[in-house]
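>>> sequence first, then the predicted structure, then my questions.
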Amino acid sequence: MSIVAAGDSAIVVEFEERIDPVVNAHAIALADALQAASIPGVRDIVPTYRAVAVYFDPLRTAYDRLVDRIEQELAHPSTSDLDSRPPLRIPVCYGGELGPDLAEVAAFAHVSEEEVVRRHTANLYRVFMLGFVAGFAYMGTVDRSIAMPRRPTPRVRVPLGSVGVAGVQTGIYPAETPGGWQLIGRTPVKPFDPGRAEPFLMRAGDRVQFYAITREEFAAWRSA
């Protein structure tokens, strides 16, 4: 673990340089502890795969004092209650125009499209971090047999709710944006909705279980 300055108004706490659930849990626990401490002058706390960025106002919080507080939290690590929460179950309609890359992923894995769906829905995914756009959750770990790399040329527009894979990661596009992930389906659930009491459906540390629905169920859900 190391603590490094990122300019005059941010500190980055870095853990081991690998994508790992245990390393990620340490980062999230530190972020939660710092958030709960309500340290004056701290503007934002952002956990990632294996680090935590702490943004602060240097006119309200001294750098050295903030580092001391971070070291105190690291010396007495807390645990997160996220693992005790039930997984989020998210419906996905796979294939067809809603999952235009499903056939390519099946060819990559040398299995049927139905088997790709079975393998994608069999795993319980961890939300390692949020980024890219509001509500985009980077989840893993995808079964390596279907872990097809990103597309060589990204699409200019990926529809809201598209479910994709990129290597061992999977995710849901929370808005219509450009993107290069392999699209295997679409969910009627919105990962980000500013009209909800809690706009973000997922947060770092959550667990997610996908399950398959029919095109009729997808249409009914969208209508509702």
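Received, thanks. Just so you know, these numbers come straight off a predicted model, no measurement behind them.
>>> what segments of the protein are strands?
Applying DSSP state E to the chain gives strands spanning 2-5, 10-14, 42-47, 51-56, 88-94, 125-130, 137-140, 155-158, 162-166, 169-172, 177-179, 182-186, 207-212.
>>> list the buried residues of the third one.
Read it as strand 42-47. Neighbour-count burial for strand 42-47 flags Val42, Ile45, Val46, Pro47 (criterion: 16 or more other C-beta atoms under 10 Å). Quick note: C-beta positions are derived from backbone N, CA and C, even for glycine.
>>> low-scoring stretches of this protein, by residue?
Applying pLDDT under 70 to the chain flags residues 78-84.
>>> domains of it?
The chain resolves into domains spanning 2-80, 84-223 when parsed by automatic domain parsing.
>>> from the ones you listed, which stretch is densest packed?
Highest mean neighbour count of these: domain 84-223, a mean of 17 (counted as mean count of other C-beta atoms under 10 Å).
>>> centre of the chain to that domain, how far?
Relative to its parent chain, domain 84-223 has a centroid offset of 11 Å by C-alpha atoms, centre = their mean, to the nearest Å.
>>> now for the spatially closest residue to Leu59 that is not a sequence neighbour: which residues touch it?
Using C-beta to C-beta, 6 or more residues apart in numbering and skipping the chain neighbours, the partner closest in space to Leu59 is Gly41 (7.7 Å). With contact set as C-beta atoms under 8 Å, 6 or more residues apart in numbering, Gly41 has these partners: Phe56, Asp57, Pro58, Leu59, Arg60, Thr61, Leu66.
>>> wait, isn't the fifth one in contact with Ile39?
No: between Arg60 and Ile39 no contact is recorded; they are 9.7 Å apart, counting by C-beta atoms under 8 Å.
>>> next, the contact list for Asp193, please.
By C-beta under 8 Å, 6+ apart, the contact set of Asp193 is Pro199, Leu201.
>>> can you do 6 Å?
Residues near Asp193 by C-beta atoms under 6 Å, 6 or more residues apart in numbering: Pro199.
>>> what are the phi and psi angles of it?
Phi and psi for Asp193, reported as degrees, to the nearest 10, are phi -150, psi 100.
>>> any idea how far it is from Gly135?
When C-beta to C-beta, to the nearest Å is the yardstick, Asp193 and Gly135 sit 8 Å from each other.
>>> with Asp68 instead?
Using C-beta to C-beta, one obtains 34 Å as the distance from Asp68 to Gly135.
>>> swap in Ser162?
Using C-beta to C-beta, we find Ser162 at a distance of 13 Å from Gly135.
>>> again with Gly171
In this view, Gly171 and Gly135 are 10 Å apart by C-beta to C-beta.
>>> now Glu198
11 Å.
>>> same check on Ala103?
For Ala103, the distance to Gly135 equals 28 Å [C-beta to C-beta].
>>> next, the residue lying farthest from the centre of the chain: phi, psi?
Here the chain reaches farthest from its C-alpha mean at Leu59, the gap being 32.6 Å by C-alpha atoms, centre = their mean. Backbone torsions of Leu59, given as degrees, to the nearest 10, read phi -80, psi -10.
>>> one step back: out of the contacts of Gly41, flag the one nearest to His76.
His76 lies nearest to Leu66 out of those, by C-beta to C-beta, at 16.7 Å.
>>> contacts only, for that closest one.
Counted by C-beta under 6 Å, 6+ apart, Leu66 has contacts Phe56.
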